[in-house]
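K.L.:
I'd like to go over a predicted model; first the sequence, then the structure.
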Amino acid sequence: MKKTYKEIQFFLIAGISAVTIDSISYYFLLKNFSTDKSKFLSFICGSFCSFLINKYYTFNKQKVSYSESIKFILLYTFALNLNVFTNSFVLRQFQSIIFAFLIATLLSAVTNFIGQKFWVFK
């Protein structure tokens, strides 16, 4: 249980860092791109940050692993599609960019923690 608590703490740090990068990127990308394209690109920026922190700190995997990288990409591809779809759907329903962003981020974060803990970095 102590290990899981530590993992959750680091996952939250990674998540806050990734969401910060995601949201700042999203804000600036919206000036030049559509909402969906901006969300797509900003999510990728945040994902790269998340991979590094989660691999080396949250789940303490120091070795280079091709299979971890592939699994992470597959998981994040799924989460990315879920994130963009959710963002678009919630935005259409509520006309609030911030609310849509938060709901999409929350849903993809839960999906990513479960996927990383039990599949990518198991």
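P.N.:
Received the coordinates, thanks. Residues are numbered from 1 along each chain as shown.
K.L.:
Centroid-nearest residue for the protein?
P.N.:
Centroid-nearest residue in the chain: residue 47, 5.0 Å away (criterion: CA atoms, centre = their mean).
K.L.:
Name the nearest residue to it, ignoring sequence neighbours.
P.N.:
Here the nearest residue to residue 47 in space, its sequence neighbours aside, is residue 76; by CB to CB, 6 or more residues apart in numbering that works out to 4.9 Å. Yep, even glycine has a C-beta here, placed from its N, CA and C like the rest.
K.L.:
Does the one you found touch residue 46 like I think?
P.N.:
No. Contact criterion CB atoms under 8 Å: residue 76 and residue 46 do not qualify, at 9.7 Å.
K.L.:
Tell me the first helix or strand C-terminal of the helix or strand where residue 89 lies.
P.N.:
Assigned by DSSP states H and E, residue 89 falls within helix 66-94. Per DSSP H and E, the first helix or strand lying C-terminal to helix 66-94 is helix 97-115.
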